[in-house]
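**Student:** quick one, what's the 3D model for this:
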Amino acid sequence: MVLCAGLGTRLRPLTARLPKPAVPVCGLPLVRYALALLAGAGARRAAVNAHHLPDAMAAAARASAAALGLELAVSREPVIAGTGGALREARALLGGAAAVVVVNGDVLFDVDLAAAVRAHQASGALATMVLTRMPEGAGYAAVETDGAGAVRRIAGRFGPGGEGLAPWHFTGVHVLSPELLARVPAAPFELDVNRHVYPPLMAAGLVRGHVVTGAWDDLGTPARYLAANEDVLSGRFPLGRFHGASPFAGHEPFGHPGVWLGPGAHVDPGAALHAPALIGPGARVEAGATVGPSAVVGAGARVGAGARVAHAVVWEGTHVRPGEELLRAVAAGEERVAAG
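**Tutor:** Below you'll find the predicted structure:
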């Protein structure tokens, strides 16, 4: 299950146009990467929940799942239910699974999910939280484990605690035994799995931590959104686990390494492209324009004559005006959102 119901408030006004898990990352909806990760780990069925702009979210998820050969169900939440409530509301859609892998829809994460599932099933736990080292300088709340790998405290106050615990960063990935779904209470309706479901299970060692390494990008703010696009575009974020979610598929190298041109795209001979850059299908770059480095121009977008686009993302169908400078910013329709 990919959690896709959040409001994405820190990405506004971009998320007034699309739900955060549907925003484009190098031209593909973010949810496409999450579903590809699940498919690569052996999932054959997937579910997403949708609340904010639910039709747009469902459309992006269905198109992504179809491209990956995944059967997809959509759990619509007229009232947002939280991470635990999402599992409760989607329980019927998750029936029959040997294990349920839950992924936050607003992150990019290079993780061996199959290994996490194996570790979970061998442990006998009801829930396994996939953990990694705390990102340098980050202020995320820690998940603390004991020497045997059992989760004992979350966010400094949930769980039985103990001495000598090791703090970790929670990646947003859970592996659940089907029995855990029956432990999700009916109330409150909006329910957080880490606060309301896991703490009563921790004392019995039924919530475990599985520590991994791997690239992890949180797309929560405009700056982090741009950084994630740059990481994928430059190759800093590995795509080996995301079969069926390469943003470069169907594109051709153009001019020199690191510049990609989509089908039907046109670059005027008087324009300059600097790697890394990706020009989407049907996009146009006009005379005297400069695109790159670290620039993504979405499908059908247009970069006007003399414009400059660098360390930036231009969404599908957007027109960058002649002479306009788009630096460390996102252009979506008439919106211009700086990294800040």
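
**Student:** hey, what's the one residue sitting closest to the centre of the chain bridged with?
**Tutor:** Geometric centre of the chain, nearest residue: Val107, 3.1 Å, by C-alpha atoms, centre = their mean. Bridge pairing for Val107 (DSSP bridges) gives the partners Asp218.

**Student:** contact partners for it?
**Tutor:** Taking C-beta atoms under 8 Å, 6 or more residues apart in numbering, we find Val107 in contact with 171-172, 216-219. Glycine gets a C-beta too; all of them are placed from N, C-alpha and C.

**Student:** redo these as a markdown table? Include distance to Asp192.
**Tutor:** Formatted as a markdown table, the contacts of Val107 follow (distance: C-beta to C-beta, whole Å):
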| residue | distance to Asp192 |
| --- | --- |
| Thr171 | 16 |
| Gly172 | 13 |
| Trp216 | 21 |
| Asp217 | 23 |
| Asp218 | 18 |
| Leu219 | 21 |
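
**Student:** between those, which is closest to Pro199?
**Tutor:** Nearest to Pro199, judged by C-beta to C-beta, of those is Gly172 at 18.4 Å.

**Student:** what about the closest one, neighbour count?
**Tutor:** The number of residues packed near Gly172 is 19, by other C-beta atoms under 10 Å.

**Student:** please give the element, helix or strand, for it.
**Tutor:** Assigned by DSSP states H and E, Gly172 belongs to strand 166-176.

**Student:** what about Pro167, distance to Gly27?
**Tutor:** 37 Å (C-beta to C-beta, to the nearest Å).

**Student:** ok, Glu316 next?
**Tutor:** The gap separating Glu316 from Gly27 is 8 Å, by C-beta to C-beta.

**Student:** shared neighbours of those two, anything?
**Tutor:** By C-beta under 8 Å, 6+ apart, Glu316 and Gly27 have these common neighbours: 280, 298-299.

**Student:** specify the local secondary structure of Pro200.
**Tutor:** helix (DSSP: H, G, I helix; E, B strand; the rest coil).

**Student:** quick one, what contacts it?
**Tutor:** Contacts for Pro200 (C-beta under 8 Å, 6+ apart) come out as none.

**Student:** now the phi/psi pair for Glu325, please.
**Tutor:** Main-chain torsions, Glu325, degrees, to the nearest 10: phi -110, psi 120.

**Student:** give me the beta-bridge partners of it?
**Tutor:** According to DSSP bridges, beta-bridge pairing links Glu325 with Arg308.

**Student:** right, and it touches Gly304 too?
**Tutor:** No - judged on C-beta atoms under 8 Å, Glu325 makes no contact with Gly304 at a distance of 11.3 Å.

**Student:** tell me which of Pro167 and Gly27 has more neighbours.
**Tutor:** Neighbour count, other C-beta under 10 Å: between Pro167 and Gly27, Gly27 has more, with 27 against 15.

**Student:** can you pull out the low-pLDDT segments for this structure?
**Tutor:** 138 (pLDDT under 70).

**Student:** let me see the domain layout of it.
**Tutor:** 2-234, 252-338 (automatic domain parsing).

**Student:** make a markdown table out of the ones you listed and add distance to Arg241.
**Tutor:** Formatted as a markdown table, the domains of the chain follow (distance: least, C-beta to C-beta, whole Å):
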| stretch | distance to Arg241 |
| --- | --- |
| domain 2-234 | 5 |
| domain 252-338 | 20 |
